[in-house]
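In: I need the structure of the sequence given here:
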Amino acid sequence: MKLKNFLEVPTRSSTIIIIQIRKLGYTISIKEIMKNLLTLTLLSLALTVTCMSCAKESTRPQVADDVTAITSPTPDTPATEASIVYGRTVDLGTGSGVLNISGKTLALKCNDLLKIKSGTYTGINITDILSADGCPITIKNDGLVEVVGDFNQMTLKNISNVIISGDGTSTIAKGFVFRDNKYRAIQMEGTINKLTIQNMSFKNVADYVISFQSKILYTGAASSYSQGLKFLNISCNNTGQFLNTYGLISNGIISGLIRDIEIAYLDFRNSANVGSVVLMGLAEDYNFHNNRIDNVNTTNNNHNGIFSVSGNGSFHDNYISNHQGNAIRAWGASVGTTPKNILIYNNIVVNSRKYSGFEVQGFDAFISAGKSTYTNAIVFNNTCGNLNTSNDWQGNVVDVYSLKGGKCDVYNNLAFNLPAGSTIAGQESDLAPNVHNNLYYTTSSKAGIVDQKEFRLASSSPAKSAGSVTPFTIKDYYGAMRSAKPSAGAVE
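Out: Have a look, this model is predicted:
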């Protein structure tokens, strides 16, 4: 594999790291500071996170009309918020201009419902709403609410226990719409905790959809990290990166940490040069599930991860197709002294132009005595096929690099049509993964897969009941309970 011009950790060659800062348009080669290589890598990652907007297409072509919705399966519907008995209803906005919503001036009370009048706004600013646990403040649309135009956005600053939801009008599925913007659509700043953003649509946003660049130094105190962020039931068409967050873990320095973040039911499509759809410098206990990513990176040849995240958590029940890049580049780190897990399961990953299905990797700089440690990785019950169709490298189900003390288990996966020389688990460093009960076939039909849309198994499929018992009680991609002897792949 060649070193890429975005940010390539030299996983197959330890002699050189090349970083190209595309905003400046030059390449820096570094040989003489090998003893600090991993520290440099982590600092470079932080730079990448904070400066990624320079790589976005400032002249991204606009989509005039919505294209046909993706017809591939959705396993179930998004979970709804727990029932809230609203207190007061407060009507806000005039339908145009800039709307300012401030907790300092509204004297908000527990369970207040704020409804924004329908119309087209040039900005919505929501600040200083710091509600107590159990007393959420809900902000909804009253009719269709749009934010339209270059540099027009929603800003969120100092927010706790707030739900922003576009389901305020029963006849409108996504009542908040952001479109035709050359800059980021939602900018988050300051203290952000227990925030839910859901039922929104974004189209023709050239830069990040959502950006959060907190650089708070982690001390262990609750005030030194963000937690409880949820991004649910959101659609993006022809946009830049969906979520970009700062985060750094390197030689005892931990900052920008986000804990307990959920991204679910994201429908992201038609982005030719997005790179990473989600890029997070440091996240613990992430839960990325039931997301649909299609037709991305058609003009991008960097070593991308559709989801690129350092930390630990779960990546499951996602459907990623017609893309370039690993479905997830999971770089493992655990804050504190107890190793945590990276779980990758029930994913369908098909038709990648370049790279393997998944990547797991750790770094020495992620480990600091008494402050942070390694992770383990478990990759199981995924269905992967037609990987790295460019045939310029291996197209493994998972590339396994060193986890710096952690182990990697790979089992119950089903694969078909991989390039010559590929395998289920490619050992790319000193860590030999524990590999068992995986199946590979040259075609999907030989695997007993009914079609390459839903990836269900025929009753005669050799993958039926071919897996090993997993210690995790899980359902399959479609929500069906696994058999006592589970099948291989994402679908039972």
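In: When you work out contacts or count neighbours from here on, use the C-alpha atoms and nothing else.
Out: Noted.
In: Mind listing residues that contact stretch 384-391?
Out: Stretch 384-391 has contacts (Cα atoms under 8 Å, 6 or more residues apart in numbering) with 348-357, 394-397, 413-419, 444.
In: Mark which of these are part of helices, please.
Out: With helices defined by DSSP state H, no entry of the contacts of stretch 384-391 lies inside them.
In: How about the helix or strand in which residue 155 is found, which residues are buried there?
Out: If you go by DSSP states H and E, residue 155 is part of strand 154-165. Neighbour counts over strand 154-165 (16 or more other Cα atoms under 10 Å) mark 154-165 as buried.
In: Make CSV out of these and add pLDDT.
Out: Putting the buried residues of strand 154-165 into CSV (pLDDT from 0 to 100) gives the following:
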residue, pLDDT
154, 98
155, 98
156, 98
157, 98
158, 98
159, 98
160, 98
161, 98
162, 98
163, 98
164, 98
165, 98
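In: show me where pLDDT drops low in this structure?
Out: 1-82 (pLDDT under 70).
In: how about a cut-off of 90?
Out: Within the chain, the segments meeting pLDDT under 90 span 1-84, 391-394, 472-474.
In: Which strands and helices lie in contact with the longest strand along it?
Out: What stands out as the longest strand in the chain, according to DSSP state E, is strand 186-205. Applying 3 or more Cα pairs under 8 Å, 6 or more residues apart in numbering; DSSP states H and E, we find strand 186-205 packed against strand 154-165, strand 176-181, strand 210-212, strand 226-239.
In: okay, those in CSV with distance to residue 84 next?
Out: Below are these laid out as CSV (distance: least, Cα to Cα, whole Å):
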stretch, distance to residue 84
strand 154-165, 11
strand 176-181, 20
strand 210-212, 26
strand 226-239, 17
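In: Report the backbone C-alpha coordinates of the longest strand of the chain in PDB.
Out: Taking C-alpha atoms only, strand 186-205 is exported to PDB below (Å, rounded to 0.1, in the frame of the first residue of the first chain):
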ATOM      1  CA  ILE A 186     -24.100  23.300  12.600                       C
ATOM      2  CA  GLN A 187     -21.300  24.700  14.800                       C
ATOM      3  CA  MET A 188     -21.100  23.500  18.400                       C
ATOM      4  CA  GLU A 189     -19.000  25.400  21.000                       C
ATOM      5  CA  GLY A 190     -18.400  25.500  24.700                       C
ATOM      6  CA  THR A 191     -20.000  23.000  27.100                       C
ATOM      7  CA  ILE A 192     -22.000  20.400  25.200                       C
ATOM      8  CA  ASN A 193     -23.600  17.600  27.100                       C
ATOM      9  CA  LYS A 194     -26.600  15.400  26.800                       C
ATOM     10  CA  LEU A 195     -27.700  16.900  23.400                       C
ATOM     11  CA  THR A 196     -29.900  15.100  20.900                       C
ATOM     12  CA  ILE A 197     -30.000  16.300  17.300                       C
ATOM     13  CA  GLN A 198     -32.500  14.300  15.200                       C
ATOM     14  CA  ASN A 199     -34.900  14.300  12.300                       C
ATOM     15  CA  MET A 200     -32.900  16.800  10.100                       C
ATOM     16  CA  SER A 201     -31.900  17.000   6.400                       C
ATOM     17  CA  PHE A 202     -28.800  18.500   4.900                       C
ATOM     18  CA  LYS A 203     -28.100  19.100   1.200                       C
ATOM     19  CA  ASN A 204     -25.400  20.800  -0.700                       C
ATOM     20  CA  VAL A 205     -23.300  21.700   2.300                       C
END
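In: For the buried residues of strand 154-165, give me JSON lines that also has distance to residue 435.
Out: Compiled in JSON lines, those are given as follows (distance: Cα to Cα, whole Å):
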{"residue": "154", "distance to residue 435": "47"}
{"residue": "155", "distance to residue 435": "47"}
{"residue": "156", "distance to residue 435": "45"}
{"residue": "157", "distance to residue 435": "46"}
{"residue": "158", "distance to residue 435": "46"}
{"residue": "159", "distance to residue 435": "45"}
{"residue": "160", "distance to residue 435": "43"}
{"residue": "161", "distance to residue 435": "43"}
{"residue": "162", "distance to residue 435": "44"}
{"residue": "163", "distance to residue 435": "43"}
{"residue": "164", "distance to residue 435": "44"}
{"residue": "165", "distance to residue 435": "43"}
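In: if we can go back for a sec, and the longest strand of the chain, how far from the chain's centre?
Out: In terms of Cα atoms, centre = their mean, to the nearest Å, the centre of strand 186-205 is found 14 Å from the chain centre.
In: Go ahead and confirm residue 318 touches residue 306.
Out: No - look at residue 318 against residue 306 with Cα atoms under 8 Å: they stay out of range, at 11.2 Å.
In: which among the contacts of stretch 384-391 end up buried?
Out: 348-357, 394-397, 413-419, 444.
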